[in-house]
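Q: I'd like to go over a predicted model; first the sequence, then the structure.
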Amino acid sequence: MSVAKKPTRRDFMKTTGAAFGVPYVITSAALGNSERPAASDRIVMGGIGIGNMGRGDQGAFLGRKDVQYVALSDVREEVRDKSKANIDRHYNNGDCKSYNDFRELLARTDIDAVHIATPDHWHAIMVIEACRNGKDVYCQKPETLTLREGPLMIAAARRYGRVVSGGSQRVLEDYRKYVAPAWAGEFGKIKSINVNVGPLPQLCNLPGETKSEAIDWDLWLGPAPWAPYNPKRCSGSFSINGASWRSFSDYSGGGMTDWGAHHFGGATFICDVRDQQPVEVDYFDNSDEKYLAYRYQNGLTIYHNKPRTDQLLIEGTPGEKLAPKPVPGYKGEGGIYGDFIECVKTREKPFRDIESAVNTAALAHLGNIAYQLKRSLKWDSVKQEFVGDAEANRMTDRARREPWQL
Amino acid sequence: MLETAFEALKTFDWGSDLAALAPIEDAATASHGKPEARQDLENRLIAALKGTLTRDAQDYICRKLANVGTAAAVPTLAGLLLNKGNSHMSRFALEQIPAPEAAAALRDALPKVSGDLKVGVISSIGARRDRSAVAALSGLLADSDASVARAATLALGAIGSVESAAALQTALRTAGDRRSTMIDAVLSCAESLLASNQVADASSIYKAFTHESQPRIVRLAATRGLLACATKPSVRSV
């Protein structure tokens, strides 16, 4: 039996609000039931990078009735095989396709949205390519590896009207006890807030080892400088102290970006500056105590690792109370994943829209550069360049290994 | 200390202790605003790079030259640009050295490399937004190597000038299956032009893509672009 049907959610997505396409035909097997939307109303998804975080993200999307998970990509054979088996078991079929090369997945025209949880050095290339291919994207944090990448990712998302969400669930969920009074105006005008996070990324010079796993090493490295295989170099563990890629500057901004995505994200949410970047980064070096002060146009200071200062310690204006503002939250059901899916359906901006995610990551990158140069910096967030500091401007990006290009 | 670090560099390889090179890191930071010290450091790096080193040591020097290199380092880096094992890290430095000689070295390398190395050189030219390279890149838009043609397309999009947009629009007429990448690059040019308040130029590009013969995703992108143009003060005042 075949059924001609009226325009669906997917039609709406394809048109992003413009004229609807002609009705099309689907099979009865895809019609769904009272508990599950028809296939034409499900969001067809794929995942890229199915390691630790990717596996968790996949599980969250796979568990949703309004998602049909059809494809995955990972450079590790074992990960691919296990992940495909998991998805096929979930749907009780063998339909999930697995790819070594993410470009094959992104080229599929039947996929509406992808989640990306590769190491950070891949994020910009994949997000931009996904947008070019008309996909919506949920990208794990930290969304960027360099300052230059952020605006290019935002531009690609806006150019094609894509929903692109960053991936820190903690920004909304972990800091409620600060967010609620801050947005209720109880602190008055917030003068400063402190973020304790680190360490900085380090150069990796681990020796080459015989491969202990079936991995496409050249594709794992991708745009990063060539280096010999070492299991610690590419480990997806949560270490930020030398035992995983999160520690190393070729693939990550270190703890500054890794946990900074959460804590800086929380601080900027509390202070309602998620839509901004700082204009100055002041570097303080008092013997063994090094710390930063990010200065915002509105007078706010976000400290980084201010000595003897608690995490997210807020300095408000005593005796002053501001008018309360409604606190933004997730749309739909199911936390940050539900927020993304709901926005894919409605074409609204998600809570952690790529622009606020980029602004958060920029804090960490600016900090890493200030610490590395050991000096204060002025930042023009419109031009995306340091003011009067050509040397710092050299650190806003890095050449990508051929053949990878933004 | 610096002497010792450069001595360590001679045998530096994967697995070596990076702490041995810390004085070089320190010198790079400490020489900021001290031209003589900076020049001394650069001279040492260049001299070391000319010697017999492991790839790891060469890569390390290129990383440092990305931070402190000047026109003086360009000839040595340009030589490495043509080697498969060194080309990327040579670009790592050349892409960041602000001297026009670095841009020229990348342009000069274009006819000397092929395949992935050519793609890499093109991508660095694009990242530098080198307007002097528009003509050379335009000549690669129909290259028989599809990856080279794609790289040139994206680089012209990154340059984002009126000239690069014009070259892309001309090439679009015969783009075939390269069309979608080329349109993406033209739209990228329009965004750059709009950002630099060249609203009429941006608007003209967007209008060309609103025709119903264009794919829907392109029409929508062009429509969004036109709306963005309409919000620019210079358009309202026209």
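A: That came through fine.
Q: how many neighbours does residue 76 have?
A: No chain specified, so I'll use chain A. Residue A:76 has 20 neighbouring residues, counting by other C-beta atoms under 10 Å in any protein chain shown. Using the backbone N, CA and C atoms, a C-beta is placed for each residue, glycine as well.
Q: should've been chain B
A: Based on other C-beta under 10 Å, the number of other residues close to residue B:76 is 20.
Q: Nearest residue to residue A:57 in space, please, no chain neighbours.
A: Leaving aside its sequence neighbours, residue A:57 sits nearest to residue A:115 (C-beta to C-beta, 6 or more residues apart in numbering or on different chains; 4.8 Å).
Q: The one you found belongs to a helix, doesn't it?
A: No. According to DSSP: H, G, I helix; E, B strand; the rest coil, residue A:115 belongs to no helix; its state is strand.
Q: For it, list each beta-bridge partner.
A: Taking DSSP bridges as the rule, residue A:115 bridges to residue A:47, residue A:138.
Q: And for residue A:211, the neighbour number?
A: Around residue A:211 there are 12 other residues, counting by other C-beta under 10 Å.
Q: ugh, wrong one, I meant residue B:107
A: 18.
Q: Contacts (any at all) between chain A and the strand or helix carrying it?
A: With elements delineated by DSSP states H and E, residue B:107 resides in helix B:100-109, which encompasses its position. No. Helix B:100-109 stays clear of chain A (C-beta under 8 Å from any C-beta of the partner chain), getting no nearer than 10.2 Å.
Q: what about that helix, average pLDDT?
A: Mean per-residue pLDDT for helix B:100-109: 98.
Q: So which elements touch it?
A: Packed against helix B:100-109, as judged by 3 or more C-beta pairs under 8 Å, 6 or more residues apart in numbering or on different chains; DSSP states H and E, are the following elements: helix B:74-80, helix B:87-94, helix B:115-128.
Q: got the buried residues for the lengthiest helix in chain A?
A: When every helix of chain A is counted residue by residue (DSSP state H), the longest turns out to be helix A:354-373. Taking 16 or more other C-beta atoms under 10 Å in any protein chain shown as the basis for neighbour counts, the residues of helix A:354-373 that come out buried are A:354-373.
Q: Can you name the element that comes right after it?
A: Secondary structure here is assigned by DSSP H and E; on that basis, the next helix or strand after helix A:354-373 toward the C-terminus is strand A:377-380.
Q: mind checking which helix or strand residue A:302 is in?
A: The secondary structure element spanning residue A:302 is strand A:301-304 (assigned by DSSP H and E).
Q: Tell me which strands that strand pairs with, and in which orientation.
A: As defined by DSSP bridges, the strand partners of strand A:301-304 come to strand A:192-195 (parallel), strand A:289-295 (antiparallel).
Q: which of these sits most buried?
A: Neighbour counts (mean count of other C-beta atoms under 10 Å in any protein chain shown) averaged over each of the strands paired with strand A:301-304 peak at strand A:192-195, with a mean of 25.
Q: what's whatever helix or strand comes next after it in contact with?
A: Elements were assigned by DSSP H and E; along the chain past strand A:192-195, the next helix or strand is helix A:217-221. Where contact means C-beta atoms under 8 Å, 6 or more residues apart in numbering or on different chains, the residues beyond helix A:217-221 that reach it are A:75, A:100-101, A:119, A:211, A:227, A:229, A:234, A:401.
Q: if we can go back for a sec, and the residue nearest to residue A:57, what pLDDT?
A: Reported pLDDT for residue A:115: 98.
Q: Any regions of chain B where pLDDT drops low?
A: B:233-238 (pLDDT under 70).
Q: Repeat the analysis, applying 50 as the threshold.
A: Flagging of chain B using pLDDT under 50 yields the residue ranges B:235-238.
Q: how's it carved up into domains?
A: For chain B, automatic domain parsing gives the domain ranges B:1-109, B:114-238.
Q: Including distance to chain A, could the helices and strands packed on helix B:100-109 go into JSON lines?
A: Below are the helices and strands packed on helix B:100-109 laid out as JSON lines (distance: least, C-beta to the nearest C-beta, whole Å):
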{"stretch": "helix B:74-80", "distance to chain A": "11"}
{"stretch": "helix B:87-94", "distance to chain A": "4"}
{"stretch": "helix B:115-128", "distance to chain A": "3"}
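Q: Let me know how buried residue 166 is, in neighbour terms.
A: You didn't pick a chain, so chain A it is. 32.
Q: Chain B is the one I meant
A: For residue B:166, the neighbour count with other C-beta under 10 Å is 17.
Q: Contacts only, for residue A:152.
A: A:124, A:128, A:406.
Q: For burial, what's the neighbour tally of residue A:208?
A: The burial count assigned to residue A:208 is 14, neighbours taken as other C-beta under 10 Å.
Q: Can you pull the phi/psi pair for the residue of the stretch 301-406 of chain A found nearest chain B?
A: Scanning the stretch 301-406 of chain A for proximity to chain B using C-beta to the nearest C-beta identifies residue A:402 as nearest, at 3.1 Å. Listed backbone geometry of residue A:402 is phi -60, psi 140, with angles given as degrees, to the nearest 10.
Q: what about it, neighbour count?
A: 24.
Q: go on, residue A:206?
A: Residue A:206, neighbours per other C-beta under 10 Å, totals 16.
Q: what's the residue nearest to it when sequence neighbours are not counted in contact with, if anything?
A: On the basis of C-beta to C-beta, 6+ apart, the spatially nearest residue to residue A:206 that is not a chain neighbour turns out to be residue A:230, at 4.0 Å. Taking C-beta under 8 Å, 6+ apart as the contact definition, residue A:230 lies against A:206-209.
Q: which ones are touching the residue nearest the centre of chain B?
A: Residue closest to the average C-alpha location in chain B (C-alpha atoms, centre = their mean): residue B:124, at 2.2 Å. The contact partners of residue B:124, by C-beta under 8 Å, 6+ apart, come to A:399, B:91, B:94-95, B:106.
Q: List the buried residues for stretch B:1-17?
A: Across stretch B:1-17, burial judged by 16+ other C-beta under 10 Å covers B:5-6, B:8-9, B:12, B:14, B:16.
Q: Kindly report the same for stretch A:297-313.
A: Under the neighbour-count criterion of 16+ other C-beta under 10 Å, stretch A:297-313 has A:300-306, A:309, A:312 buried.
Q: quick one, helices of the stretch 51-200 of chain A?
A: Counting by DSSP state H, counting those that start in this stretch, the segments of the stretch 51-200 of chain A that form helices are A:52-62, A:77-91, A:102-106, A:123-132, A:149-159, A:170-173, A:176-183.
Q: closest one to residue B:33 among these?
A: Set against residue B:33 and scored by C-beta to C-beta, the helices of the stretch 51-200 of chain A come closest in helix A:149-159, at 28.9 Å.
Q: Please state the mean pLDDT value computed over the closest one.
A: 98.
Q: what's the offset of that helix from the middle of its chain?
A: Averaging C-alpha positions (C-alpha atoms, centre = their mean, to the nearest Å) puts helix A:149-159 13 Å from its chain's average.
Q: And stretch A:158-175, by the same measure?
A: Between the mean C-alpha point of stretch A:158-175 and the mean C-alpha point of its chain there is a distance of 7 Å (C-alpha atoms, centre = their mean).
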